[in-house]
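Q: Need a 3D model of the sequence below.
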Amino acid sequence: MSQPRLKKVYSKKRIKILLFILGSTFFMSYCVDAVDGMSSQDITANLDQDINNDIEDIELTPWTPEPEPPPPECIECKWYFCPPLSEVWKKEICFNICEDPNVLHSESDCIQYMECDPAQYLIDEVSCITEDGYPGTQQKVCNKGLIQYTDCITDCNEELCNYEDDDCDGEIDEGQLNECNECGIIPAEICDGIDNDCDGTTDEDLIQPCSTACGVGYEMCFDGNWISCNAPPVNEEICDGLDNDCDGAIDEDLNCVCTIQDIGVLFPCQEDPLLCGQGYKTCECIDKNCTQLTMTDCYALCYWIPPADPSDICDPLIGMPLNEEECNNFDDNCNQLIDEDLYASCYTGPEGTLMVGICVPGEVTCLEGTWGNYDDDEDFIPYYCEGEVVPQEEICNGLDDDCDGIADWGEEMKETDVLFIVDWSGSMGDEMDAVMIALNQFAQSFSDEEVINWAFMRGPVSHGINDERLELFQDLVGFSDFLASLSTMGSTTGWNGNSTAFEMLLDAIYLAVNNITANLPKAIADLMWIGQSPGVGPNVVESSPPLQKFNVSWRPGANRVIIVFTDENPQTYLVPNLSLLDVKSAISGTPQLKLYTFSRNAGAIQWKDLAATGNGKWFYLTNDPTLMYANLMEIIDEVCQGGSSE
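A: Alright, predicted model coming up:
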């Protein structure tokens, strides 16, 4: 056991000496203030007396010196946990083990040792967003004292048409429902007086085969009813030696089939067994008393009336050739051809519509006694009126499509410039097929060269080995030139095999309106493509035409329609970059503009925002050409009927 150290205490003598030393420092001052006449001995004596008095008044306190630190071998330190245990903090506590009992030597502050308690692996489940932008959950775990997060797991997927919210955005089947607001393909139109395919018209373009006892034909639907069957009618049987009611019997149940007065009267005929031309038949008695009469077969006139010249040979099966061939499956002109070169005009539309608006007649030809025509496979279709145009659904194209004498619902079609901006990247394969098919159908409906002009912009397009650029492939032109451009683009420079990836369509919209907008936050002169600064970014190089001359030839005063197709988010590759607000400002400052956007769910919020700013509408990008065409028709009808937006 260690010996206690002796404590040192100041003696009065030592205190006195100390005070004397201190007092000597102000001795001279004291002397100056002393009473005149006092000797130095008196002054010293008085000072000593004062010091003694002061010493008596001092309360002495014993002084304990700091203990000497223990040697290192006596110190033992350990780490101890401290709260909060959820994050695991610790502090170091050291003891002097050379003392008995051990004496606390030191204690540190709490410091964080681990982020979490490794004994509790699962800390929490938290919300997260997947790389595809879907909401999900992930686990917050403690892995060897470190907080980590597992992969973001979601049940959300690309929206499908299944009446469920697959992409978890609060909307069900958005962009997936058909025109009837249902899943699946658009229902086929049927003849029931209902708009089954939800295109705004009822029972349109419906025809079906029809027949009578005398043959087959076609009929059309009107207001839920099948009408205008053009099959050969069943006529009332008359006494003419023909099967008028097509029941297989001739002149049946008629007293006039043959009467006594008809015996020997020659009736014209063109039928078996006569081979060609016109022959005759007559009534004759079956018995001696002529109680029963019958009609003979059809033979040549020489069979009934012998020629005047006995040398003339009579062939009873060769009749008198007629000047004109008839559609009766018979060789009327005896040229050994049946029903040859017979053509006639035809029309199956409603009465009163022929030669009104677009409605014109077609043509039929004769085959084996039946009028009809041939389809694209060269198959003969009875009663098919090739080339006829019957009333159609009215669309905004400057024409009277429904043949009611009024074009475009009485609206005058205004000059309109239409610009297509198309994502030409490699990921747009199937969608581009649908777009191009629909564009061809779409353009063919609007052949007015003066009223509607068309333009086509695409990007990114490969340029050189690794570069990509934006192209104004076709500036505004009439229908025929535009359609020719589409055909060359699909056959010579199509997207198949395209590997471009930098979709600069946000820039494309900005450039499209730069020469007609009142708001241009970033001047074109201050912009450049990012690939023109080596090492700065992607190889997006000079556009065609060049950036400073990139102007669409909009017609003054015309309505403007921009239609964008893409499967990506809005992107910019101009320097400085354009913001969504920059482009929205340029759009809002463009008079008489409607902007329509087609996109997938990626970027749908931004594309919807842009379309709304441009007084237009967002559509889901589909690879179904039929649905794509229907959407485009909706756009042009809206433009026609809704007028322009100033």
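Q: Please count neighbours and contacts with C-alpha atoms only from this point.
A: OK.
Q: where does the closest residue to Thr590 other than its chain neighbours land on pLDDT?
A: Among residues not flanking Thr590 along the chain, Thr517 sits closest, at 4.2 Å (C-alpha to C-alpha, 6 or more residues apart in numbering). pLDDT for Thr517: 95.
Q: what ranges do the strands span in the stretch 1-150 of the chain?
A: 75-82, 89-96, 103-107, 111-112, 122-129, 135-143, 146-149 (DSSP state E, counting those that start in this stretch).
Q: do the same with the stretch 201-350 of the chain
A: Here the stretch 201-350 of the chain has its strands, by DSSP E, counting those that start in this stretch, at 207-212, 215-222, 225-227, 267-269, 279-281, 283-285, 293-295, 343-346.
Q: residues in contact with the fifth one?
A: Contacts to strand 279-281, defined as C-alpha atoms under 8 Å, 6 or more residues apart in numbering, come from residues 266-270, 295-301, 318-320.
Q: for stretch 204-215, same thing?
A: Stretch 204-215 is contacted by residues 189-191, 216-221, 229-234, 245-247, 392-393 when judged by C-alpha under 8 Å, 6+ apart.
Q: Out of these, which end up buried?
A: Neighbour counting with 16 or more other C-alpha atoms under 10 Å marks 189-191, 216-221, 229-233, 245-246 as buried within the contacts of stretch 204-215.
Q: From these, pick the one nearest Arg555.
A: Glu189 (40.0 Å; C-alpha to C-alpha).
Q: Now do the contacts for the nearest residue to that closest one once chain neighbours are set aside.
A: Spatial nearest neighbour of Glu189, chain neighbours left out: Asn196 (4.9 Å); criterion: C-alpha to C-alpha, 6+ apart. Residues in contact with Asn196, defined by C-alpha under 8 Å, 6+ apart, are Pro187, Ala188, Glu189, Ile190, Thr202.
Q: Make sure Thr626 is actually in contact with Ala438.
A: Yes: between Thr626 and Ala438 there is a contact under C-alpha atoms under 8 Å: 7.2 Å.
Q: hmm, back to that, out of the strands of the stretch 201-350 of the chain, which comes closest to Cys314?
A: strand 279-281 (12.5 Å).
Q: who does Val216 bridge with?
A: On the basis of DSSP bridges, Val216 is bridged to Ser211.
Q: show me the contacts for it.
A: Val216 neighbours (C-alpha under 8 Å, 6+ apart): Pro209, Cys210, Asn230, Ala231, Pro232, Pro382, Tyr383.
Q: again, only this time at 10 Å
A: Pro209, Cys210, Cys229, Asn230, Ala231, Pro232, Pro233, Thr370, Pro382, Tyr383 (C-alpha atoms under 10 Å, 6 or more residues apart in numbering).
Q: Likewise for Thr622?
A: Counting by C-alpha under 10 Å, 6+ apart, Thr622 touches 175-176, 430-432, 434-435, 565, 567, 598-600, 628.
Q: Then Gly405?
A: Counted by C-alpha under 10 Å, 6+ apart, Gly405 has contacts Thr353, Val356, Gly357, Ile358, Leu399.
Q: Next: Val561.
A: Applying C-alpha under 10 Å, 6+ apart, one finds that Val561 lies in contact with 416-420, 454, 592-596, 614, 616, 635-636, 639, 644.
Q: re earlier: Phe619 versus the residue nearest to Glu189, what's the distance?
A: Distance, Asn196 to Phe619, by C-alpha to C-alpha, to the nearest Å: 22 Å.
Q: How about Glu351?
A: 40 Å.
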